[in-house]
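In: I'll drop the sequence and a predicted model, then ask my questions.
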Amino acid sequence: MLKTHEQSAKDTAALMAEIGRKARAASRPLAIAPTGQKNAALAAMADAILRNEKTILDANAIDVANGEESKLSPAMMDRLKLDPARIKAMADGVREIAALADPIGEVIAAWQRPNGLNIERVRTPLGVIGVIYESRPNVTADAGALCLKAGNPVILRGGSDSLNSSAAIHACLVEGLKAAGLPEDAIQLVPVTDRAAVGEMLSGLSGNLDVIIPRGGKSLVARVQNEARVPVFAHLEGICHLYIDRSADLDMAVTIAVNAKMRRTGICGAAETLLVDRAVASTHLVPILEALDKAGCEIRGSEEVRAAFPKAKPATDADWTTEYLDAIISAKLVDGVGEAIEHIETHSSHHTEGIVANDATAVERFFSEIDSAILLHNASTQFADGGEFGMGAEIGIATGKMHARGPVGIEQLTSFKYRVRGTGQVRS
């Protein structure tokens, strides 16, 4: 296992303060770095990730063995494990970020006042970003690359369960920064597992941290939201719903339902509750549940659902507000799109909801009345992902309403300033 030194609270506080100072010092050179230099760093990072595949996999094998020994949940183990395909996807994601337009300096809006002043609203870096995450070592690459492209230094605090993998990936990112002549401190990885390091980040590192993005389990996100003294982009849970309308094509509904739940059960965009229009219970419900059951999914259903599909287990009130992150789904019949909307608005975490329907009126009502960050029509909820949105990658899905909502990509990692040009005007 990666060697880390035992830290006293004093040692950890000093370490984190130094990390914060270094990140702030990297802010200005990174904010003014030209696009070509940032892209060169990203290309070098992607090359380094592929070149060091064996090193990363060896480090990940240690983390996986430790995870098995500590009995991590299947969902956490799925997030933790790397293989050659996932490493290639990581490198491809970094290259996709390099290919995106540089948001820094973009003129968002421009107008002229009657007194002749010309005003522009221009994108700028957000500042020093702290990312706190669990299990997913690929977040190291995604977060580092996204923050770099948006001109932001980043402090990465991965979980103890993925520290070896994250350290190996981080070394590749630093290699890319060096190759492009950018500050190595632009992307820093907290090298200790001491939980006090998280507390230091939540305190804002003496004003050196501008935003925190947590990506992990409910307890981690809740702690960050409750204790952070700086703004937070986060979602607490991904309680995602899939509604099958009376106008839905059956084959499409079956395919989407199985994919939305079972493609990867441990991601935040996995469907956790299936709602089926009572009007098509006799034609759609059982084929969908049979397909889910065949794919290895446990069904927890309402009394009506269990009457039609006896293999289902009884659903309790808690099931409607549970993020399983496992091969389990709750199922219920509803009276059309209106009751589906009512159920979702009552029980949803406002992350992602999907509707399968051919009735345009039902779709528009679903889209207009549900207040979740992502809404999908005739598509799997597992498309709730920044990479699938064309953002190259994402740091996470934000379900709040201030600044960022939905996938947090490079545009969401920017702020703006106003540039005002005059010809000698003074205010009366």
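Out: On my side now, so go ahead.

In: a helix runs through Gly338, doesn't it?
Out: Yes: per DSSP: H, G, I helix; E, B strand; the rest coil, Gly338 lies within a helix segment.

In: residues touching the nearest residue to it once chain neighbours are set aside, list them.
Out: Using Cβ to Cβ, 6 or more residues apart in numbering and skipping the chain neighbours, the partner closest in space to Gly338 is Arg365 (7.7 Å). Placement of C-beta: from N, CA and C, glycine included. Neighbour list for Arg365: Val337, Gly338, Ile341 [criterion: Cβ atoms under 8 Å, 6 or more residues apart in numbering].

In: tell me what the top helix by length along the chain is packed against?
Out: Longest helix of the chain, by residue count under DSSP state H: helix 9-31. Using 3 or more Cβ pairs under 8 Å, 6 or more residues apart in numbering; DSSP states H and E, the elements in contact with helix 9-31 are strand 118-125, strand 154-157, strand 187-189, helix 196-202.

In: between these, which gets nearest to Asn164?
Out: strand 187-189 (11.4 Å; Cβ to Cβ).

In: pairing partners for that closest one, with directions?
Out: Strand 187-189 has the following strand partners under DSSP bridges: strand 154-157 (parallel).

In: what about the partner strand, distance to the chain center?
Out: 15 Å (Cα atoms, centre = their mean, to the nearest Å).

In: next: stretch 277-286.
Out: That offset, for stretch 277-286, works out to 34 Å (Cα atoms, centre = their mean).

In: what about the stretch 1-150 of the chain, any weak spots by pLDDT?
Out: Along the stretch 1-150 of the chain, segments meeting pLDDT under 70 span 1-9.

In: let's see it at 80
Out: 1-10, 75, 135 (pLDDT under 80).

In: do the stretch 201-350 of the chain as well
Out: Looking at the stretch 201-350 of the chain by pLDDT under 80, you get 216-218, 234-236.

In: so what's the closest residue to Ala13 other than its chain neighbours up against?
Out: The shortest distance from Ala13 to any non-neighbouring residue, by Cβ to Cβ, 6+ apart, is to Glu200 (5.9 Å). With contact set as Cβ under 8 Å, 6+ apart, Glu200 has these partners: Thr12, Ala13, Met16, Ala17.

In: adding distance to Ile104, write the helices and strands packed on helix 9-31 out as CSV.
Out: Output for these, formatted as CSV (distance: least, Cβ to Cβ, whole Å):
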stretch, distance to Ile104
strand 118-125, 6
strand 154-157, 15
strand 187-189, 17
helix 196-202, 24
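
In: so which of those is nearest Leu376?
Out: Per Cβ to Cβ, nearest to Leu376 of the helices and strands packed on helix 9-31: strand 118-125, 27.9 Å.

In: tell me if I'm right that Ile62 and Leu163 touch.
Out: No: Ile62 is beyond contact range of Leu163, at 9.3 Å (criterion: Cβ atoms under 8 Å).

In: how many residues are close by the closest residue to Lys22 other than its chain neighbours?
Out: Closest residue to Lys22 apart from its sequence neighbours, by Cβ to Cβ, 6+ apart: Asp185 at 3.9 Å. Residues lying near Asp185 (other Cβ atoms under 10 Å) number 21.

In: what does Pro287 give?
Out: So Pro287, with other Cβ under 10 Å, has 14 neighbours.

In: now it: how far from Asn378?
Out: Going from Pro287 to Asn378 by Cβ to Cβ, to the nearest Å gives 17 Å.

In: next: Leu15.
Out: 50 Å.

In: let me see the ranges of the strands in the stretch 201-350 of the chain.
Out: 211-215, 240-244, 271-277, 298-301, 313-314, 328-334 (DSSP state E, counting those that start in this stretch).

In: quick one: distance of the shortest one to the chain centre.
Out: Read that as strand 313-314. From the chain centre to the centre of strand 313-314 is a distance of 32 Å (Cα atoms, centre = their mean).
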